[in-house]
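Colleague: prediction below, plus the sequence it came from.
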Amino acid sequence: MNLHEYQSKQLFAQKGVPIPKGKVASTAAEARSIAEELGGRVVVKSQVLVGGRGKAGGIRLANTAEEAEEAASEVLGMRIKGLPVRKVLVDEAADIQKEIYLGVTNDRAARRPVLITSAEGGVEIEEVARTDPEKIIRVQVDPLLGLREYQARYLASSLGLPREQWREFASIAQALYSVYDELDATLAEINPLVITKQGRLLALDGKMVIDDNSLFRHPDLAEMRDVDAETAAEREARTFGLSYIQLDGSIGCMVNGAGLAMATMDVIKLYGGEPANFLDIGGGASAEKVSAALRIILSDVKVTSVLINIFGGITRADEVARGILEALGEVSTTVPMVARLVGTNEAEGRRILAEADMITASSLADAAQKAVAIAEKGAEQ
Ligand code: GDP
Ligand code: MN
């Protein structure tokens, strides 16, 4: 789950990261009164869950409260990378001397968190990594020990910060690491962390990604979810506990188990097709869940054939078949479907599907070839 800038910065601030004074507004009038309250120059910032808002015109400096109102009314009407702007953050503007990047994420290869920093902040860190990889400094953190003081100082010195700023930088790095650690984040990022003309460090931007699998123990964070940023299909998938990722192809897939879902996508590609999605219905899925999964797959207009691949262990093939029938009773569709059901209660499952005129297959290879052939025919029409 992605958090908005204002939410991330609030969480950072609770651990002692210095952030600009500011508040969130949903209307231009509110933005104006926040600007009046703050006094002086402000920055009006679109709150959407994508990067590069600055380049897209979603970050505006305003010298007066009137200008802030005007900027807010423009920004609140924008869509940035397809997402509508419903809120703006009105922050006291900072006088920037230098922009630094500071982030914590998981280093999967090292199986540890890693702190990443660069003196080339402000722009996207991926870009710096591509063009000037030597300008990125990393330290891996032992999760049992946490970020050590000497590591934070090493980062500060490698950035070339003057010595009088090491302590402040180190405490920000420590705070950021502890937010990341305690809130089960997969990313906690400040870009830019600025040095102001007055020589202070200040987090101007904030981004957090929380591990969805940990939300059960962070109910307060779960409530911060912005449902506007999800597509209807993603929202429905989440409600039913399905893992769904939409892709660009034409063959909808419904599979139980993430590994089998990936293998299924590979086999579709092997036979020249393109999967329309990744969808894992999970273990022991109920008919209701299967029905939701099929509705979600069919809501994608690019789908011209569906491949259902179920390996019945805990999941029972007859239960899946009943779910498919239930879904077909609710949505009328002409999209052909190929099913391969094996394992627990497979005979009963196949009998149910055969009655529903579904194409069945004996192996995954067979099922994938049939689904690809149908999708190609669909594309020709
Ligand atoms: P992003 O483009 O979505 O990453 O949004 P940011 O919050 O990082 O803002 C983009 C850029 O706007 C920053 O890198 C700064 O250069 C600039 N910016 C943001 N806030 C301020 C501010 O308070 N004062 C000034 N002068 N520039 C700012
Ligand atoms: Mn940024």
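Modeller: Happy to help now that I have it. Treat the numbers as computed from the prediction; the structure is a model and nothing was measured. Ligands and ions are numbered 1, 2, ... in the order given.

Colleague: tell me the secondary structure of whatever residue of the chain ends up closest to ligand 2, please.
Modeller: Closest to ligand 2 within the chain is Asp205: 3.6 Å, counting by Cβ to the ion. In this view, the C-beta of every residue, glycine as well, is placed from N, C-alpha and C. At Asp205, secondary structure determined by DSSP: H, G, I helix; E, B strand; the rest coil is coil.

Colleague: so who does the residue nearest to it when sequence neighbours are not counted touch?
Modeller: Nearest residue to Asp205, sequence neighbours excluded (Cβ to Cβ, 6 or more residues apart in numbering): Asn191, at 5.4 Å. Residues counted as contacts of Asn191 (Cβ atoms under 8 Å, 6 or more residues apart in numbering) are 99, 101-103, 121-122, 125, 205, 207.

Colleague: which of the residues in stretch 226-241 are buried?
Modeller: 226, 229, 233-234, 236-238, 240 (16 or more other Cβ atoms under 10 Å).

Colleague: next one: stretch 2-17
Modeller: Buried, per 16+ other Cβ under 10 Å, within stretch 2-17: 2-9, 11-13, 15, 17.

Colleague: convert that stretch to PDB, retaining C-alpha atoms only.
Modeller: Extracted as PDB, the C-alpha positions of stretch 2-17 are listed here (Å, rounded to 0.1, in the frame of the first residue of the first chain):
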ATOM      1  CA  ASN A   2       1.300   3.400  -1.000                       C
ATOM      2  CA  LEU A   3       1.000   6.300   1.400                       C
ATOM      3  CA  HIS A   4       0.600   9.900   0.300                       C
ATOM      4  CA  GLU A   5       3.300  12.500   0.800                       C
ATOM      5  CA  TYR A   6       1.500  14.200   3.700                       C
ATOM      6  CA  GLN A   7       0.800  10.900   5.400                       C
ATOM      7  CA  SER A   8       4.400   9.700   5.000                       C
ATOM      8  CA  LYS A   9       5.800  13.000   6.300                       C
ATOM      9  CA  GLN A  10       3.500  13.000   9.300                       C
ATOM     10  CA  LEU A  11       4.800   9.500  10.200                       C
ATOM     11  CA  PHE A  12       8.400  10.600   9.700                       C
ATOM     12  CA  ALA A  13       7.900  13.700  11.900                       C
ATOM     13  CA  GLN A  14       6.500  11.500  14.700                       C
ATOM     14  CA  LYS A  15      10.000  10.000  14.900                       C
ATOM     15  CA  GLY A  16      11.700  13.400  14.800                       C
ATOM     16  CA  VAL A  17      12.400  14.000  11.100                       C
END
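
Colleague: which strand residues bridge Arg138?
Modeller: Ile116 (DSSP bridges).

Colleague: how close does it sit to Glu127?
Modeller: 17 Å (Cβ to Cβ, to the nearest Å).

Colleague: so these two - more neighbours on which side?
Modeller: Using other Cβ atoms under 10 Å, the more surrounded residue of Arg138 and Glu127 is Arg138, with 13 against 10.

Colleague: so that one makes contact with Arg112?
Modeller: No: using Cβ atoms under 8 Å, Arg138 is not in contact with Arg112; the gap is 10.7 Å.

Colleague: any chance you could map the helices in the stretch 151-300 of the chain?
Modeller: Under the criterion DSSP state H, counting those that start in this stretch, helices of the stretch 151-300 of the chain are mapped to 166-182, 219-222, 232-239, 258-270, 287-298.

Colleague: which strands or helices does the longest one pack on?
Modeller: Think helix 166-182. Other elements packing on helix 166-182 under the criterion 3 or more Cβ pairs under 8 Å, 6 or more residues apart in numbering; DSSP states H and E are helix 5-14, strand 96-107, strand 112-118, helix 149-158, strand 185-196, strand 201-203.

Colleague: now render the ones you listed as TSV, adding distance to Asp211 and mean pLDDT.
Modeller: Shown next, in TSV, are these (distance: least, Cβ to Cβ, whole Å; pLDDT from 0 to 100):
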stretch	distance to Asp211	mean pLDDT
helix 5-14	15	98
strand 96-107	9	97
strand 112-118	12	97
helix 149-158	23	96
strand 185-196	5	97
strand 201-203	22	98
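
Colleague: can you redo those as TSV with distance to ligand 2?
Modeller: Shown next, in TSV, are the helices and strands packed on helix 166-182 (distance: least, Cβ to the ion, whole Å):
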stretch	distance to ligand 2
helix 5-14	8
strand 96-107	9
strand 112-118	13
helix 149-158	19
strand 185-196	4
strand 201-203	10
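
Colleague: so which of these comes closest to Ala375?
Modeller: strand 185-196 (34.2 Å; Cβ to Cβ).

Colleague: quick one: that closest one near ligand 1?
Modeller: Yes: interface with ligand 1: strand 185-196 contributes 191-192 (Cβ under 6 Å from any ligand atom).

Colleague: ok, the buried residues of stretch 226-241 vs Ala94, which is closest?
Modeller: Of all the buried residues of stretch 226-241, Ala94 sits closest to Asp226, with 25.5 Å by Cβ to Cβ.
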